[in-house]
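In: Return atomic coordinates for the entry below.
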Amino acid sequence: LKKYLYSLADDIHAVSHGVAAATAYELGIAKNSITGIYNPEITSRRLNISNADVDYPWIADDGGPLIVAAGRLSKQKNFLSLIAAFKLVRKKIDAQLVIMGEGSLRKELHNFLMQQDLSGAVILTGFIDNPFAVMRRANLFVLSSIWEGLPNVIIQAMACGTPIVSTNCEFGPAEILENGKWGELVEVGDVEQLAEAMLRSLKTKIHPDVKSRALNFSIEATLPAYLDLLLSDKNQNKGCK
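Out: From the prediction side, this is the model:
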């Protein structure tokens with residue numbers, strides 16, 4: 001059914017080049033028939049609210065380095081591996097991990113924290129209205145996902161100036177971080193490698209200017225590509241408006 005429906009489209013848009021390539025392969029169509037355009041994730045409003053004051057008890061100057069993750073509490077996000085890696089980090093640094101988000105695995109994650117004796121060091125915050133203000137105060141943002149399309153949370157954290165460690169999952173992290181130029185990439189599910197990357201990042205004094213990279217995902221940067229797609233001669237001739 002997908003092959004038939006996609007064949008009727010004037011254009012096909014994907015949120016990342018990795019997704020575009022995978023879709024083309026799955027459907028057996030030419031790669032150049034799919035346009036990869038990144039999400040316009042960064043807005044002036046989000047940048048502004050990242051500077052808002054937040055009063056959470058787990059944000060404290062004397063609480064050690066703050067590591068932040070965000071996303072649905074689901075299998076895809078692989079927070080169990082992140083927590084296991086964080087336990088290794090805690091053997092070297094008295095850090096704190098905050099996971100922002102809600103989902104079906106909350107009870108499982110809570111039980112795992114109890115088993116690992118990490119209930120005081122790892123905070124499951126649930127839904128937070130302004131995660132950007134938390135990201136801006138973090139010493140490190142970690143994505144531990146098994147798969148993605150284009151992980152917007154990495155872009156959001158970079159816009160807040162936060163260093164990044166991410167799994168090199170399909171798809172998106174390698175594109176966003178340009179194969180490690182803007183943050184560390186580790187193998188999916190490799191707990192020890194993830195812990196080592198987190199420790200390196202926390203100990204590094206000078207990080208890449210991730211804010212400058214995040215601007216590539218702003219409305220101003222992505223809008224021309226959307227306009228080119230929608231207003232191309234091919235679509236205009238078909239009456240696309």
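In: Just confirm residue 167 contacts residue 79, I think it does.
Out: No. Using Cβ atoms under 8 Å, residue 167 is not in contact with residue 79; the gap is 11.8 Å. The C-beta positions use only the backbone N, C-alpha and C, and glycine is treated the same way.
In: Check the contact lists of these two and give me the overlap.
Out: Jointly contacting residue 167 and residue 79 under the rule Cβ atoms under 8 Å, 6 or more residues apart in numbering are residue 144.
In: Can you give me the distance of residue 136 to residue 50?
Out: Computed as Cβ to Cβ, to the nearest Å, the residue 136 to residue 50 distance reads 5 Å.
In: Between the two, which contacts overlap?
Out: With Cβ under 8 Å, 6+ apart as the test, residue 136 and residue 50 both reach residue 160.
In: residue ranges with poor pLDDT in this structure?
Out: 60-63, 233-241 (pLDDT under 70).
In: Which positions in stretch 162-170 come out as buried?
Out: 162-170 (16 or more other Cβ atoms under 10 Å).
In: Repeat that for stretch 28-45.
Out: Of the residues in stretch 28-45, those buried under the neighbour-count criterion (16+ other Cβ under 10 Å) are 29, 34-38, 41-42.
In: Over to stretch 123-131?
Out: Neighbour-count burial for stretch 123-131 flags 123-125, 128, 131 (criterion: 16+ other Cβ under 10 Å).
In: got JSON lines for the buried residues of stretch 162-170, with secondary structure and distance to residue 199 too?
Out: Listed next are these as JSON lines, based on DSSP: H, G, I helix; E, B strand; the rest coil; distance: Cβ to Cβ, whole Å:
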{"residue": "162", "secondary structure": "coil", "distance to residue 199": "16"}
{"residue": "163", "secondary structure": "coil", "distance to residue 199": "12"}
{"residue": "164", "secondary structure": "strand", "distance to residue 199": "15"}
{"residue": "165", "secondary structure": "strand", "distance to residue 199": "10"}
{"residue": "166", "secondary structure": "strand", "distance to residue 199": "15"}
{"residue": "167", "secondary structure": "strand", "distance to residue 199": "16"}
{"residue": "168", "secondary structure": "coil", "distance to residue 199": "18"}
{"residue": "169", "secondary structure": "coil", "distance to residue 199": "21"}
{"residue": "170", "secondary structure": "strand", "distance to residue 199": "26"}
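In: what's the distance between residue 81 and residue 169?
Out: For residue 81, the distance to residue 169 - Cβ to Cβ - is 11 Å.
In: Isn't residue 6 up against residue 13?
Out: No. Contact status for residue 6 versus residue 13: not in contact, 11.5 Å apart, counting by Cβ under 8 Å.
In: one step back: which among the buried residues of stretch 28-45 gets closest to residue 229?
Out: residue 35 (5.5 Å; Cβ to Cβ).
In: And the helices in this protein?
Out: Counting by DSSP state H, the chain has helices at residues 2-7, 17-27, 44-49, 79-90, 106-115, 131-137, 152-159, 173-176, 191-203, 210-214, 219-230, 233-237.
In: out of those, deepest packed?
Out: helix 152-159 (a mean of 25; mean count of other Cβ atoms under 10 Å).
In: centre of the chain versus it, how much separation?
Out: The chain centroid and the centroid of helix 152-159 are separated by 6 Å, computed with Cα atoms, centre = their mean, to the nearest Å.
In: which residues are contacting that helix?
Out: Taking Cβ under 8 Å, 6+ apart as the rule, helix 152-159 contacts 39, 41-42, 46-47, 50, 68, 70-71, 131-132, 135, 138, 141, 143, 164, 166, 172-173, 176-177, 182-183, 210-211, 213-215, 217.
In: go again using 6 Å as the cut-off
Out: With contact meaning Cβ atoms under 6 Å, 6 or more residues apart in numbering, helix 152-159 is reached by 41-42, 70, 135, 141, 143, 164, 176, 210, 213-214, 217.
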